[in-house]
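Asker: Sequence first, then the predicted structure:
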Amino acid sequence: MARPYLLSLVFVLAVMAGLSLLPDMRKSETGTEVAVFRPAATRLTNSNLVDMLIGLQLATPILRVEWENSLLTVEFKVNAAKGLPVEWTRDVEQLLRLSFVKMENVNRVLIRYAVPADKAALPSNAGKAREGQAGLADSSVKSQLLLAADIRRTDSWLASLGELGSADPLHDEIWRERLRLSNTSEWTKWYGPVPTYSTRPAAE
């Protein structure tokens, strides 16, 4: 009798294991059951970092990436003559969604926008004395930082992350604070001071 009992036990365990692999069944608005898959949280590593970023299909080229101790740093390449691409906020949203929604071990993201060293010459309107050198760049100079953002997993506003893609964080003071956005002196040289506005409701 022991052998049939063991066979039955193995069969039951196999069925239970199979059921655990099936998706949850949830009721839709129409009352029908729909499958809901729950993907396991993924950990970012040096091995999968490149593939993860490529999978985002970001519109802005990446100059440099660093991953260390739960800190992800991504430096984007800026065409100084054109400024930030119109898709830059959607790129940031996708990067933050990857870091804080899909990954479980990213606690902080530093985002930088910079002009490559070979394109870092000042614009012609920065002074006629530099006009003759406007097309030259010192190859020994590192990329010139224009804009930086600092976002942490503990930021409460991440609950509204879906709004970032259509926001104006460069000028909106609320979004500037959320992203801890800062412009450098290099930004001012190229584009001048950043005019800002507030969308906070007026105090009663």
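Answerer: Okay, I see it. Numbering: from 1, shown residues only.
Asker: For the rest of this, base every contact and every neighbour count on C-alpha atoms.
Answerer: Fine.
Asker: ranges for the strands of the chain?
Answerer: Under the criterion DSSP state E, strands of the chain are mapped to 24-27, 33-36, 62-68, 71-77, 108-115, 144-152, 182-183.
Asker: right, and the ones you listed - which one's nearest Ser166?
Answerer: With distances scored as C-alpha to C-alpha, the stretch of the strands of the chain nearest to Ser166 is strand 144-152 (17.1 Å).
Asker: Give the other helices and strands that the closest one contacts.
Answerer: Under the contact criterion of 3 or more C-alpha pairs under 8 Å, 6 or more residues apart in numbering; DSSP states H and E, the helices and strands touching strand 144-152 comprise strand 108-115, helix 173-179, strand 182-183, helix 185-191.
Asker: Rounded mean pLDDT for that strand, please.
Answerer: Along strand 144-152, the predicted local confidence has a mean pLDDT of 97.
Asker: any idea of the angle that strand forms with strand 71-77?
Answerer: Orientation check (axes from the mean of the first three to the mean of the last three C-alpha atoms, to 10 degrees): strand 144-152 against strand 71-77 gives 150 degrees.
Asker: Other residues contacting strand 144-152?
Answerer: Contacts to strand 144-152, defined as C-alpha atoms under 8 Å, 6 or more residues apart in numbering, come from residues 107-117, 120, 178-187.
Asker: From these, list just the buried residues.
Answerer: 107-117, 120, 178-181, 183, 186-187 (16 or more other C-alpha atoms under 10 Å).
Asker: how about Glu186, what does it touch?
Answerer: By C-alpha under 8 Å, 6+ apart, Glu186 lies in contact with Gln144, Leu145, Leu146.
Asker: What's the mean pLDDT across stretch 83-90?
Answerer: 93.
Asker: shouldn't Gln94 be in contact with Leu56?
Answerer: Yes: when contacts are counted by C-alpha atoms under 8 Å, Gln94 is listed as touching Leu56 (6.8 Å).
Asker: Looking at those two now, which is surrounded by more residues?
Answerer: Counted by other C-alpha atoms under 10 Å, Gln94 and Leu56 do not tie: Gln94 has more neighbours, with 20 against 12.
Asker: Roughly how far does the closest residue to Trp187 other than its chain neighbours sit from Arg153?
Answerer: Ranked by C-alpha to C-alpha, 6 or more residues apart in numbering and with sequence neighbours excluded, the top spatial neighbour of Trp187 is Leu146, at 4.7 Å. The gap separating Leu146 from Arg153 is 24 Å, by C-alpha to C-alpha, to the nearest Å.
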